[in-house]
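Student: I would like to see how this sequence folds:
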Amino acid sequence: ATAKTELARTLRWYRRFLRVPIPPSQAMFAIVQGGLFKELRREAIAAINKLSVFGTAIGGALGKSKRQMYQIISWVMEHSDRSRPHHLLGVGDTESIPEIIRLGVDLFDCALPTRIARHGTALTKNGPLDITRGMFKNAFRPVERGCACAVCNRYTIAQLNFLFKAREPLAGRLLTIHNLYFIEQMLVGIRKQIESGKF
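Tutor: Purely as a prediction, here's the structure:
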């Protein structure tokens, strides 16, 4: 009952908000709520499809597993207006990105790449790498061989390991640069696969 009540309140809020003039420079997204309930998600997307908004965002409770999250996204996408961009709120780990794009998500946001960077974890093609471990104190090689980011071109894992051990704020900033570059290059690759019909 709570999810249904909250969804009704959200839809009322959208209708009220859309009576306010929106500057042409701003793009309004309406968020599809409804928790873990298929019928509520479908009710939400049916209502949002009728609103004069630029895009559709998928938010709220997305389940306790990736499988459940993918199921919820598919419920929404089955009935969504595909002419609008779709944004998934708060998801952007490397495992989920290809699947959420396959389901029709165009945009997403996630603090994961920056959060794990602050704690010493780098994203690599072979999976996450915790460069704070003692075994890396003499690893005089880049975080990712062949990576063209500014960090991999100038710093070694050993140097980053030392900066983390010394609790230098620069360490987290450098690893953030690498992780964001890694995600962007991953997306460049997916875009090319989509364009060539191989995704």
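Student: give me the contact list for stretch 72-81.
Tutor: 32, 36, 38, 41-42, 44-46, 49, 56, 58, 62-63, 86, 88, 100, 103-105 (CB atoms under 8 Å, 6 or more residues apart in numbering). C-beta: built from backbone N, CA, C; applies to glycine.
Student: hang on, I meant stretch 91-104
Tutor: Contacts of stretch 91-104 from elsewhere in the structure, counted by CB under 8 Å, 6+ apart, are 62, 66, 69-70, 73-74, 77, 80, 82, 86, 88, 108-110, 112-113, 123, 183, 186-187, 190, 194, 199.
Student: among these, which are located in helices?
Tutor: Using DSSP state H, 66, 69-70, 73-74, 77, 112-113, 183, 186-187, 190, 194 are the members of these that sit in helices.
Student: just to revisit the earlier point, what's the PyMOL line that selects buried ones from the contacts of stretch 91-104?
Tutor: In PyMOL, a selection of the buried entries from the contacts of stretch 91-104 looks like this (16 or more other CB atoms under 10 Å):
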select buried, resi 62+69+70+73+77+80+86+88+108+110+112+113+123+183
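Student: the residue nearest in space to the middle of the chain: what secondary structure?
Tutor: Per CA atoms, centre = their mean, the C-alpha nearest to the average position across the chain is that of residue 92, at 2.6 Å. Classification of residue 92 using DSSP: H, G, I helix; E, B strand; the rest coil returns coil.
Student: what does residue 6 give?
Tutor: helix.
Student: any idea how far residue 91 is from the residue of the chain most remote from its centre?
Tutor: Going by CA atoms, centre = their mean, the residue of the chain most distant from its centre is residue 138, 33.5 Å out. From residue 138 across to residue 91, the span is 37 Å (CB to CB, to the nearest Å).
Student: ditto for residue 15
Tutor: Distance from residue 15 to residue 91, counting by CB to CB: 27 Å.
Student: quick one: contacts for residue 162?
Tutor: residue 137.
Student: does it count as helix, strand or coil?
Tutor: Assignment for residue 162 (three-state DSSP): helix.
Student: so for it, what's the pLDDT?
Tutor: pLDDT recorded at residue 162 is 98.
Student: avg pLDDT for stretch 75-86?
Tutor: Across stretch 75-86, pLDDT averages out at 96.
Student: quick one: least confident helix or strand in the protein?
Tutor: Sorting the helices and strands of the chain by mean pLDDT, DSSP states H and E puts helix 2-17 at the bottom, at a mean of 91.
Student: residue 86 pairs with what?
Tutor: residue 56 (DSSP bridges).
Student: thinking again about what came up before, quick one: which of the contacts of stretch 72-81 sit in strands?
Tutor: 32, 56, 58, 86, 88 (DSSP state E).
Student: can you add distance to residue 3 and give those back as TSV?
Tutor: Below are these laid out as TSV (distance: CB to CB, whole Å):
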residue	distance to residue 3
32	13
56	19
58	15
86	21
88	19
